[in-house]
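Q: Quick one: sequence and predicted model below, then my questions.
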Amino acid sequence: MRILMVSDAWYPQVNGVVRTVSRLRDALEATGHTVEIIGPHLFRTVPCPTYPEIRLCILPGRRLDRLIEAFRPDAIHIVTEGPLGLAARRWAIRHGRCFTSSFHTRFPEYIRARIGFSTPLPYRFLRWFHGAAALTLVPTASLLEELRERGFAHLECWTRGVDADRFHPDAAAVDWRVRYDIRGPYLLYVGRVAVEKNLEAFLSLDLPGTRIVVGDGPDRVALAARYPGVLFTGYLTGADLAAAYAASDVFVFPSLTDTFGLVILEALACGVPVAAFDVTGPRDILPPGVSSVGAIGPDLRRNILAALRGDRAACRAHAARFTWEACARMFLDALTRAQNMSVR
């Protein structure tokens, strides 16, 4: 098939949506499909308010129309609900074309975290946006049930994968003690440094060893000043990121708002047990309570201390259940069903 994916999140952004779309494209192309990704890099953009690393397209409609028509897609998938996603949605409806969409980000919760109060408008907009799709793909079963309770329809689970060759316990691990003169145990976080990631729930705890934050974002400077004992490395990618995972003792995932958590799979693939709250994402990846691969529950400090006793071989085996090839097969199955629905 000729598959078009339209995403407001694309390189040089560093986030789970970009990694998912990129790895999905690779897996689809490896099986003979032709994939085109239309992202902000093809348009004039402005920085997103409060988050300048994210670029928003300005009036993409006409150029987007030309790009879609030039590619002649067999299937259209709208990844995000931003300016590009809206323009692609308008094109598909105007031309009577079936499309699928995906739900990656809890924007209503992010808005609440940033402005301090909630409003029903964001979920009303998201229901409207995805309501026109033949199928909306959701990363976890627990999120699917939550969205169904909020009035979303035509939902289907679509899991994620991990590159087990890149992320491996034998990755050339960095020596945290030698490089940074810090002591273990090494408690690692990887991801955006932003208020919606609930990082202070981790950084404020009384814990042994050293807390390490890999990533960047609008809250990095303030958090680094508030927690001088925490090591902030900035972004790491490729072999450097895999080495950071492999050298750590516990991976800490404090977020309450993520829809999956690819970084959890990357840590597990490197043999690192995970500590997290029992929320969407962690509860869909990890066994309940304390296990050989980590711990989830309401007390993050207890979870971290319990995860220190995890089994690195068991972590690796658990991550092997999640592959990008399986993710691509589920995606293709959904596209085929959506096309059949539109024919009927």
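A: The structure has been received and is ready for your questions.
Q: From now on I want contacts and neighbour counts done on CA atoms only, so please keep to that.
A: Will do.
Q: just the helices in the stretch 51-200 of the chain please.
A: Using DSSP state H, counting those that start in this stretch, the helices of the stretch 51-200 of the chain run over 61-71, 83-94, 107-115, 121-131, 141-149, 176-180, 200-203.
Q: Deepest in the core, which of those helices is it.
A: With neighbours defined as mean count of other C-alpha atoms under 10 Å, the helices of the stretch 51-200 of the chain peak in mean count at helix 83-94, which reaches a mean of 19.
Q: Which strands and helices lie in contact with that one?
A: When contacts are defined as 3 or more C-alpha pairs under 8 Å, 6 or more residues apart in numbering; DSSP states H and E, helix 83-94 packs onto strand 2-6, strand 51-57, helix 61-71, strand 75-78.
Q: Helix or strand with the lowest mean pLDDT in the chain?
A: Across the helices and strands of the chain, mean confidence by mean pLDDT, DSSP states H and E is lowest for helix 107-115: a mean of 76.
Q: how about the closest residue to Y235 other than its chain neighbours, what does it touch?
A: With sequence-adjacent residues excluded and distances taken as C-alpha to C-alpha, 6 or more residues apart in numbering, Y235 is closest to G215, at 4.3 Å. G215 sits next to V190, G191, R192, V193, F232, T233, G234, Y235, L236 when contact means C-alpha atoms under 8 Å, 6 or more residues apart in numbering.
Q: tell me which element A243 falls in.
A: Assigned by DSSP states H and E, A243 belongs to helix 238-246.
Q: centre of the chain versus that helix, how much separation?
A: 18 Å (C-alpha atoms, centre = their mean, to the nearest Å).
Q: Partner strands of the helix or strand just after that helix and their direction?
A: Using DSSP H and E, the helix or strand that directly follows helix 238-246 along the chain is strand 250-253. Using DSSP bridges, the strands paired with strand 250-253 are strand 186-190 (parallel), strand 274-276 (parallel).
Q: most neighbours per residue, which of the ones you listed?
A: Here the criterion is mean neighbour count by mean count of other C-alpha under 10 Å, and of the strands paired with strand 250-253 the winner is strand 274-276, at a mean of 31.
Q: Name the next helix or strand following it along the chain.
A: Per DSSP H and E, strand 274-276 leads on to helix 282-285 as the next helix or strand towards the C-terminus.
Q: buried sites along that next one?
A: Residues of helix 282-285 classed as buried: P282, R283, D284, I285 (neighbour count, 16 or more other C-alpha atoms under 10 Å).
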